[in-house]
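quick one, structure for this:
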Amino acid sequence: MSNTTIEEVVVDLTMNNEFTEAHLKITREIYDNHWKKFYPELYGDKLPDAIEFEKFDILPAASVTGNQSHRVGARSVRTKLLEIKQNIERNGFKLKYPPISWFRWHDGVDGIECITGDTRGEILSLPPFQTTNRIVALYKRRPGFTDEQVQDSIESCGLRFNAIHDPAAPLSTFDVKRTVTNAIQRYLDTDGKAGVAPTLDAITSRVDYVCGEGIFQPATKLNLIYEIYNNFNPHDVVISWSDVATAKYRISSFMTRSKLVDTDKVKYLWTSFELYSKAFTRACKIAAEYPNAEVRIIIHTGTLKGYDLSSVYKLRVQKFVSEFENIVHVVGAAADKDATDLVGATFSRIKIYGALPTLGANHDLETPFILSERTGKFYQKGADYTFDVSEDDVSEVTDLEEFMEAA
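Got it, this is the predicted structure:
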């Protein structure tokens, strides 16, 4: 910045309840020297096509109409709001952060909608600030786009902008679900002219966009994607199995419904496809604890990802079988000669018994897959869908990690 000092970038709103033209000039300087280059998501070519950045301005606090409907989940985050308020009281309002964002539907101050800034706006309206105006980044419609396309862009940016810089109330999973669900409904209402198609690829793309980078763990985002997808595709459900008490698809509940329950003669062990080594250890412990019982392993495939979920599902199950059987072979080969009979007897009671269904488009979601020792195929009773226990079942794809990278 040309002649701007650090002190000038910090505004003490406890002493002055309004922003000035001098503050606006500093904002524009920071934009010219920094934000224009480093925030294309806010001001440049990474904005949605239907809207564009217009300018920075000072407007009365009451100019904006309504709240950020797309951030309903965040309004309950009172702890974060208090933290931001206390920080502004102690350290001043820092102009170095991009200002709140408003969208202007028409020329003038009528018809202004809040994209981001509810949290900061609420804080600045409270004592000891009671700030009468706001420095805002104004956005407008690009020519040729409909109201629905513009509204879709506003709602997407309402989340995306808050995933770029501080200070802001954090995004919640509820915010993401609500916004993307609204976008899908908008797509259906406009015959595809605006919003998001209810396909896995389109939902994934929109969730990735609104979440930005690093806001949620990959598994959390995938669970969000499948939950949204499942709501609009009830006959094509993709299950992400869990045994958390609040999970919609609980493994323990499925096991009970499917009568895969422990008896004196049978003990069931369910495990993620990734945990073949841990499953082997656990199965051996159970076999040792119950010497007269068969230990049956049930595989679940976690949260699927990739461009061909059916192939990914099969590969994950097959990968587990291959790795597990390799461990059994290595341990058996390494056993003392005198212990060979004992090892063989123990391992004969440990079986990969089946797998949990995941894909509503291919599977009966209420019926477990069973591994047939006779045919070497996983099958569901009463269904035609089967797949081989060997990875050769998927042509030209022999390595799961390579396949996932390609996805």
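
OK, contacts around Ile184?
Contacts for Ile184 were tallied using CB atoms under 8 Å, 6 or more residues apart in numbering; they are Gly195, Val196, Ala197, Pro198, Ile203, Ile228, Phe232. Any C-beta I mention is one placed from the backbone N, CA and C, and that applies to glycine too.

and it, how far from Thr199?
Counting by CB to CB, to the nearest Å, the gap from Ile184 to Thr199 is 9 Å.

likewise for Tyr290?
47 Å.

same question, Thr263
44 Å.

do the same with Arg28
42 Å.

do the same with Ile352
With CB to CB as the criterion, Ile352 and Thr199 are 34 Å apart.

tell me which of these two has more neighbours.
Between Ile352 and Thr199, counted using other CB atoms under 10 Å, the more crowded position is Ile352 (23 against 15).

for the closest residue to the more buried one other than its chain neighbours, name its beta-bridge partners.
Spatial nearest neighbour of Ile352, chain neighbours left out: Ile297 (4.9 Å); criterion: CB to CB, 6 or more residues apart in numbering. On the basis of DSSP bridges, Ile297 is bridged to Leu269, Ile352.

surely Ile297 and Leu356 touch.
No - counting by CB atoms under 8 Å, Ile297 does not reach Leu356; the two are 11.6 Å apart.

show me the contacts for Asp384.
So Asp384 contacts nothing (CB under 8 Å, 6+ apart).

strands of this protein, start to end?
With DSSP state E as the criterion, the chain has strands at 10-11, 51-60, 64-65, 93-94, 100-104, 112-116, 133-141, 266-272, 294-300, 350-355, 369-371, 377-379, 386-388.

need the nearest residue in space to Leu260, chain neighbours excluded.
Tyr268 (5.2 Å).

kindly report the same for Phe145.
Ala50 (4.0 Å).

give me phi/psi at the one you found?
Backbone torsions for Ala50, taken as degrees, to the nearest 10, come to phi -80, psi -10.

just checking, it touches Arg142?
Yes - using CB under 8 Å, Ala50 makes contact with Arg142 at a distance of 5.9 Å.

overlap in contacts of the two?
Counting by CB under 8 Å, 6+ apart, Ala50 and Arg142 have no shared contacts at all.

and the chain, what are its domains?
Following automatic domain parsing, the chain resolves into domains at 6-170, 171-234, 251-406.

out of the ones you listed, which comes closest to Ser240?
Closest to Ser240 of the domains of the chain is domain 251-406 (CB to CB; 4.2 Å).

for Glu122, which non-adjacent residue is closest in space?
Closest to Glu122 by CB to CB, 6+ apart is Leu81, at 6.9 Å.

for that neighbour, report the pLDDT, please.
At Leu81, the predicted lDDT confidence score is 78.

what about it, how many residues nearby?
Residues near Leu81, counting by other CB under 10 Å, number 20.

now it: how far from Phe216?
21 Å.

now Leu24: closest residue in space that isn't a chain neighbour?
Ile58 (5.3 Å).

where does pLDDT dip in the stretch 51-200 of the chain?
Flagging of the stretch 51-200 of the chain using pLDDT under 70 yields the residue ranges 65-79, 165-170.

residues touching the closest residue to Asp264 other than its chain neighbours, list them.
Among residues not flanking Asp264 along the chain, Ala293 sits closest, at 6.7 Å (CB to CB, 6+ apart). Going by CB under 8 Å, 6+ apart, Ala293 touches Thr263, Asp264, Lys265, Val266, Lys267, Ile286, Ala287, Arg349.

quick one: which of these is nearest Gly92?
Nearest member of those to Gly92, counting by CB to CB, is Ile286, at 61.9 Å.

okay, now that closest one: neighbour count?
Ile286: 20 neighbours (other CB under 10 Å).

wait, Ala202 touches Val196, no?
Yes - between Ala202 and Val196 a contact is recorded at 5.1 Å, counting by CB under 8 Å.

which of these two has more neighbours?
Val196 (26 against 17).

doesn't Gln185 make contact with the more buried one?
No - look at Val196 against Gln185 with CB under 8 Å: they stay out of range, at 9.3 Å.

other SSEs contacting the longest helix anywhere in the chain?
Secondary structure assigned by DSSP state H gives helix 309-334 as the longest helix of the chain. In this structure, helix 309-334 packs against helix 276-289, strand 294-300, helix 340-348, strand 350-355, strand 386-388, helix 400-406, with contacts taken as 3 or more CB pairs under 8 Å, 6 or more residues apart in numbering; DSSP states H and E.

what's the fourth one in contact with?
Think strand 350-355. Strand 350-355 is contacted by residues 260, 268, 283-284, 287, 294-301, 317, 320-321, 324-325, 328, 368-371, 378 when judged by CB under 8 Å, 6+ apart.

neighbours of Asn87, how many?
15.

how near is it to Glu122?
Counting by CB to CB, the gap from Asn87 to Glu122 is 15 Å.

nearest spatial neighbour of Asp57, chain-adjacent residues omitted?
Spatially, and ignoring its direct neighbours in sequence, Asp57 is nearest to Leu138 (5.6 Å; CB to CB, 6+ apart).

so where's the stretch 251-400 of the chain uncertain?
The low-confidence ranges in the stretch 251-400 of the chain, as defined by pLDDT under 70, are 336-346, 391-400.
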